[in-house]
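Colleague: for reference, the sequence and a predicted model appear below.
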Amino acid sequence: MTVSIPVREPPTSVPGDRVGLSKSVLAELGIGLGDSVAVEGAHSVAAPAVAVDDGARAVFLPERLRRTAGVEPGEAATVSASDPPVASTVTLRLRQSIDLERSEDAIRRRLDRRVVADGDAFEVTRLGGALTLRFDVRDVAPSSPAVVGDETEITVATDDGTPTVVTERPDGPGADVVPTATFERLRETVATRFDAADAFESAGYSTLGLLFHGPRGSGKTTLVEGVAAATGATLVRVSAARLRGERAGDRADQLDRVAESVAPGEPTVVLLDDLEALGVDDGGSALADRFRSTVDELRGGDRTVVIGATTDPSAVPSALRRGGRFDREVAVEPLTTTERGAALEALCEGASLAVDVDFESIAARLNGYVFADLAVLVDAALERTVRRDGRSTIRMSDFDAALDGIEPTGLREVTVEFPAVGWDEVGGLEPAKRELVRAVYWPLEYADQFAEMGIDPPSGVLLHGPPGTGKTLLARAAASLSDANFISVNGPELLDKYVGASEQAVRDLFATARENAPAVVFFDEVDAISPKRRGDDTGAGERVVSQLLTELDGLEPLTDVVVIAATNRPDNIDEALLRPGRIEKAVETPLPDRDARREILEIHAREMPAAADVDLDAVADRTVGYSGGDLAALVREAGLLAIEDAVVGDGPATDSTVGRDHFERALAETSPSTGDGRDDAARSETDRPAE
């Protein structure tokens, strides 16, 4: 049933994405609150209905829906019940050229349970309203309109006013690209292909295909543009992600334009960007098939270098990753300290800088940062400057403050931190500290000396000892000493019941560490993922051990990446993992002796308001068998008892001071947590002379 009724301005009770109807009209149409209705003017729009307690026979349309339907207040519109299907896919077009990272959840929340149709427009606000993203609905499948549900795939294509296929002649000599090792390697490869084109053509290799991969924001597109400029080549670029938002016919036309844009005999660099958007269907999609034929056509020409760029090479169809298409693979190397400093200086060109700004010092603290992260850091520092006094002179303190809120892109999906733990916070364990300095700090700090000696540094260290003896603290301190990113992994987290998932998690972990070197990868409870293998074992444990061995054997070198593993059950670890070249250095973390216990107690009681009668030497004498964790718990318990005495009771609260009696009571309520510690404590009690 349909009704023709006038359009009216809605009251404030009608949300901007709902249609308001009086109860009588709802009853006439036979629909309830929340059911979908279709309103047809010049165009059709569908949205859930809400009741308007007005009594008027009218449809109350918010401005956005009126604009989409093409009607104005006072005009008549046709209203009917609507029962749209659930959309399988919805393709959106973003009207601005903006990075959509971290906006996916906001888009899905905005569209959840909403009826959408081709041509609809909607907005998503971010950052407390500071950023508004405006979208048009480009395509809805299987039919329009449809409801956006949990299973609906939402695809966003950016429309920044530029054509899908871009052909340009970048300015030379390097298009303002910061010279990095990756840029030089790529430029040399492309320049050689063009400079010796006749030699390559006579040998039957007139074109070259490169798969160029690196983290999001690492500057892949900019690097390729710079290489094209440096070699005097024409650049033709197209994005697979943008093409995915096109209609099927448009995709073929755009890819035809790519091949047509390559002039015969002219040096040309073709950039096929965002290849991960094709998926790993190996030809199951029309877009992937069309991309393959385009690459084949381009490789049939001459003086052409075809570069496919992606953030995840494993997500690119394997049919593209073979000889004759993308013959070689080039990874974006992590930025060195010098390169990060040069990039920061280039990004700050034109900005007013205080005399205390030291780019070299800042760059030394930015391990794992890519070009995009550096740009965000500079922007955050400038924002803090303007907020402080309305001026734009950036100080060193602005960069220091900005660093606290900026996280490297490549490390957002792993547990990572830059630990600020010094050796003075680790009591005792002097032999273990020495071995970690040799195995972790020296290879990262004195790599040249290792090269001169012609030796490889240890690839891994195993810390073993009873629980609570400071294994994790030692690993964090070693990473802090080396200014390295600290990636902590709890062994059982890598285990997955699905075949291949655990191995993929290990591969991803080491790939992230390589991209964000220097890095320390810390495996806690490593015995959980590397148990001794048996001949009949085909479970996840054996697969993870095999993958770990593959990564540590260095098929892809672990440059500036150190592995530290910790366990209290070293006998349970597969022996193959502990041989030289893998986790070869075993370092024991025993229960602390008397002097170490005294040092640990002093570290934990450093900030504690202690009375003059507290004798930590006496406490150290009476804590035989205690681990470092047990001693920390003892000091904490003494502090809690002091707080309890200060705040509990009928009298007013007093200042909390830890006295000797609090430690006495804490000693009575605590004991060694390990079996070895309890045995040592018992022997000490037996050996103590009778009073």
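Modeller: Cool, the structure landed.
Colleague: state the pLDDT value of Val7.
Modeller: pLDDT, Val7: 90.
Colleague: now do it against Val71, distance only.
Modeller: Using C-beta to C-beta, to the nearest Å, Val7 is found at 5 Å from Val71. Using the backbone N, CA and C atoms, a C-beta is placed for each residue, glycine as well.
Colleague: next one: Glu551
Modeller: 62 Å.
Colleague: overlap in contacts, Val7 and Val71.
Modeller: Counting by C-beta atoms under 8 Å, 6 or more residues apart in numbering, the contacts common to Val7 and Val71 are 41, 61, 77.
Colleague: Val236: which of these is nearest?
Modeller: For the shared contacts of Val7 and Val71, the residue nearest Val236 by C-beta to C-beta is Gly41; the value is 43.6 Å.
Colleague: run a quick check on that closest one versus Val71, I expect a contact.
Modeller: Yes - taking C-beta atoms under 8 Å as the definition, Gly41 is a contact partner of Val71 at 3.4 Å.
Colleague: could you tell me which residues touch both of these two?
Modeller: Taking C-beta under 8 Å, 6+ apart as the contact rule, Gly41 and Val71 both touch 7, 77.
Colleague: need the helices for the stretch 551-691 of the chain, in chain order.
Modeller: Here the stretch 551-691 of the chain has its helices, by DSSP state H, counting those that start in this stretch, at 594-604, 616-621, 628-647, 660-669, 675-687.
Colleague: out of those helices, which comes closest to Ser488?
Modeller: Closest approach to Ser488 among these (C-beta to C-beta): helix 628-647, 17.0 Å.
Colleague: ok, and what's touching that closest one?
Modeller: 427-428, 467-470, 473, 592, 597, 600-601, 604-605, 608, 619, 623, 626, 653-659, 662-663, 665-667, 669-673, 677.
Colleague: and that helix with helix 594-604, angle?
Modeller: Put simply, helix 628-647 runs at 40 degrees to helix 594-604, going by axes from the mean of the first three to the mean of the last three C-alpha atoms, to 10 degrees.
Colleague: quick one, what contacts the closest residue in space to Thr336 that isn't next to it in sequence?
Modeller: Distances taken as C-beta to C-beta, 6 or more residues apart in numbering place Ala181 nearest to Thr336, at 7.3 Å, with adjacent residues excluded. Taking C-beta under 8 Å, 6+ apart as the criterion, Ala181 is in contact with 333, 336, 339.
Colleague: just Ile573 next, same as before
Modeller: Counting by C-beta under 8 Å, 6+ apart, Ile573 touches 462, 526-527, 530-532, 567.
Colleague: just the strands in the stretch 301-450 of the chain please.
Modeller: With DSSP state E, counting those that start in this stretch as the criterion, the stretch 301-450 of the chain has strands at 304-310, 328-331, 352-353, 393-394, 416-417.
Colleague: ranking the ones you listed by burial, who's on top?
Modeller: When the strands of the stretch 301-450 of the chain are scored by mean count of other C-beta atoms under 10 Å, the highest mean neighbour count falls to strand 304-310 (a mean of 26).
Colleague: adding neighbour count, pLDDT and secondary structure, write the shared contacts of Val7 and Val71 out as TSV.
Modeller: Shown next, in TSV, are those (neighbours: other C-beta atoms under 10 Å; pLDDT from 0 to 100; DSSP: H, G, I helix; E, B strand; the rest coil):
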residue	neighbour count	pLDDT	secondary structure
Gly41	20	81	coil
Leu61	28	89	coil
Ala77	25	89	strand
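Colleague: where exactly do the helices run in the stretch 251-400 of the chain?
Modeller: Under DSSP H, counting those that start in this stretch, the stretch 251-400 of the chain gives helices at 286-299, 337-347, 359-363, 371-389, 396-403.
Colleague: for Trp442, which of the ones you listed is the nearest?
Modeller: Per C-beta to C-beta, nearest to Trp442 of the helices of the stretch 251-400 of the chain: helix 337-347, 17.7 Å.
Colleague: tell me the buried residues in stretch 29-44?
Modeller: For stretch 29-44, the neighbour count (16 or more other C-beta atoms under 10 Å) marks 29, 31, 36-41, 44 as buried.
Colleague: which helix or strand in the chain has the lowest average pLDDT?
Modeller: Lowest on mean pLDDT, DSSP states H and E among the helices and strands of the chain sits strand 416-417, with a mean of 50.
Colleague: can you tell me the number of residues neighbouring the nearest residue to Arg18 once chain neighbours are set aside?
Modeller: Excluding its sequence neighbours, the residue lying closest to Arg18 (C-beta to C-beta, 6+ apart) is Val50, at 4.7 Å. Residues near Val50, counting by other C-beta atoms under 10 Å, number 17.
Colleague: what lines up beside the helix or strand encompassing Val50 in the sheet?
Modeller: Element membership of Val50, judged by DSSP states H and E, is strand 44-51. Strand 44-51 sits in its sheet next to strand 19-21 (parallel), strand 36-40 (antiparallel), going by DSSP bridges.
Colleague: quick one: mean pLDDT for the longest one?
Modeller: Averaged across strand 36-40, the pLDDT comes to 84.
Colleague: swap in the shortest one?
Modeller: Averaged across strand 19-21, pLDDT comes to 89.
Colleague: which residues sit against it?
Modeller: Residues from elsewhere that reach strand 19-21, judged by C-beta under 8 Å, 6+ apart: 10-11, 13-14, 29, 37, 39, 47-52, 59-61, 65, 79.
Colleague: let's go with 6 Å and repeat that
Modeller: With C-beta atoms under 6 Å, 6 or more residues apart in numbering as the test, strand 19-21 has contacts from 10, 14, 37, 47, 49-50, 52, 60.
Colleague: and stretch 300-319, by the same measure?
Modeller: Identification of contacts with stretch 300-319 by C-beta under 6 Å, 6+ apart yields 190, 193, 197, 201, 206-213, 216, 220, 224, 262, 267-273, 275-276, 278, 280, 282-283, 288, 292, 298, 326.
Colleague: weed out the non-buried ones from these.
Modeller: Those of these that meet the buried threshold are 190, 193, 197, 206-213, 220, 224, 262, 267-273, 275-276, 278, 288, 292, 298, 326, by 16+ other C-beta under 10 Å.
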